[in-house]
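[1] give me the fold of what follows.
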Amino acid sequence: MSVTARTGSTQHGFSLVELLVAMTIMALVAALLGNSIRFSADATIAIEAGVYRAESIHLMYRALSRQFRHARPVVAVDPDGGRTVEFEASQRRVSFIAVPPEMLGVRALHRIRIEIENDPDINGSNGRIVISYEPYRRGASFIRVSADGSFRILDGFGRAEFAYFDAQRRPSGQWHDEWLYTDRLPDLVRLRIFGTDAASRDPVDLIMTTPAHAVVRDVGV
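    Got it, this is the predicted structure:
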């Protein structure tokens, strides 16, 4: 008598099509997660950059406001007897006489120059604002700020420009790109800063006051 034993088993697995579908879904999920992480990282970097820029502008604004508040309407007298308040200003630079806040104790007059600089060979965020000081000497003419003797107080913006407000112009005053009045200081100085991209095209306006109604005096008087 012979016995024949048959052992059989049925195993179910994934077909090739099912494996391809699963791999495709996993690839899509991985791609979506990667894009989400990258977007989150880019957003974080952009926010941090915006906060840093705002803090830098705020610190510069406080520093410049103090300088302009201590401006002095010092008069220079030329050989012909002409009298001119020492305040020269345009869209890109301004020069005036003041006692720097850190020197109020000794009341030492200095010529303060603030200039907006841009590198014409570089596009984008290459704007910078520099400030320089030198002891005031009567009759010293305005000289362009040199990079060696200046302090950079802001950079990384698109462009910037100064303007000057004259409250004596009626009926409502007027902003000027240049200050052409030789008998007084402007009432307000505006520094307008433009960003570097579409998201920051709206300019930031920083308004600073001067002692415009202070008594005009000659040097040494």
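
[2] distance check, residue 195 against residue 175.
    Distance, residue 195 to residue 175, by C-beta to C-beta, to the nearest Å: 21 Å. In this view, the C-beta of every residue, glycine as well, is placed from N, C-alpha and C.

[3] neighbour count: the two, which is higher?
    residue 195 (19 against 12; other C-beta atoms under 10 Å).

[4] contacts only, for the more buried one.
    157, 158, 201, 202, 203 (C-beta atoms under 8 Å, 6 or more residues apart in numbering).

[5] let's have the residues you listed in a markdown table, adding pLDDT, neighbour count and distance to residue 164.
    Listed next are the contacts of residue 195 as a markdown table, based on pLDDT from 0 to 100; neighbours: other C-beta atoms under 10 Å; distance: C-beta to C-beta, whole Å:
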| residue | pLDDT | neighbour count | distance to residue 164 |
| --- | --- | --- | --- |
| 157 | 85 | 24 | 20 |
| 158 | 83 | 18 | 22 |
| 201 | 62 | 10 | 24 |
| 202 | 78 | 8 | 22 |
| 203 | 87 | 16 | 16 |
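
[6] for those, which one is nearest residue 83?
    residue 203 (36.0 Å; C-beta to C-beta).

[7] that closest one reaches residue 163, doesn't it?
    No: Residue 203 lies out of contact with residue 163 (C-beta atoms under 8 Å); the separation is 11.2 Å.

[8] low-confidence ranges in this protein?
    Under the criterion pLDDT under 70, the flagged ranges of the chain are 1-14, 39-43, 45-46, 48-50, 102-107, 119-125, 137-149, 169-172, 196-201, 213-221.

[9] identify the contacts common to residue 203 and residue 163.
    Joint contacts of residue 203 and residue 163 (C-beta under 8 Å, 6+ apart) are residue 192.

[10] which stretches of the chain form strands?
    Taking DSSP state E as the test, the strands found in the chain are 74-77, 83-85, 87-89, 93-98, 110-117, 127-135, 151-157, 159-166, 174-176, 188-194, 204-209, 217-218.

[11] out of these, which is the most enclosed?
    Most buried of these by mean neighbour count (mean count of other C-beta atoms under 10 Å) is strand 93-98; its value is a mean of 22.

[12] who's in contact with it?
    Identification of contacts with strand 93-98 by C-beta under 8 Å, 6+ apart yields 67-68, 70-72, 74, 86-89, 109-116, 136, 142, 144-145, 162, 179, 185, 189.

[13] please redo it, this time with the cut-off set to 7 Å
    Here strand 93-98 makes contact (C-beta atoms under 7 Å, 6 or more residues apart in numbering) with 67, 70-72, 74, 86-88, 109-116, 136, 142, 162.

[14] hmm, back to that, how about the contacts of residue 195, which pair is most distant?
    157 and 202 (12.8 Å).

[15] contacting residues for the closest residue to residue 78 other than its chain neighbours?
    Nearest residue to residue 78 in three dimensions, chain neighbours excluded: residue 84, at 7.2 Å (C-beta to C-beta, 6 or more residues apart in numbering). Under the criterion of C-beta under 7 Å, 6+ apart, the neighbours of residue 84 are 75, 76, 182.

[16] keeping just the C-alphas, turn stretch 25-37 into PDB.
    Below are the C-alpha coordinates for stretch 25-37, written out as PDB (Å, rounded to 0.1, in the frame of the first residue of the first chain):
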ATOM      1  CA  ILE A  25       2.400  57.600  -3.600                       C
ATOM      2  CA  MET A  26       5.400  57.500  -1.300                       C
ATOM      3  CA  ALA A  27       7.400  59.700  -3.700                       C
ATOM      4  CA  LEU A  28       4.600  62.300  -3.900                       C
ATOM      5  CA  VAL A  29       4.300  62.400  -0.100                       C
ATOM      6  CA  ALA A  30       8.000  62.800   0.300                       C
ATOM      7  CA  ALA A  31       8.100  65.600  -2.300                       C
ATOM      8  CA  LEU A  32       5.200  67.400  -0.500                       C
ATOM      9  CA  LEU A  33       6.900  67.100   2.800                       C
ATOM     10  CA  GLY A  34      10.100  68.400   1.400                       C
ATOM     11  CA  ASN A  35       8.500  71.400  -0.200                       C
ATOM     12  CA  SER A  36       6.600  72.100   3.000                       C
ATOM     13  CA  ILE A  37       9.800  72.000   5.100                       C
END
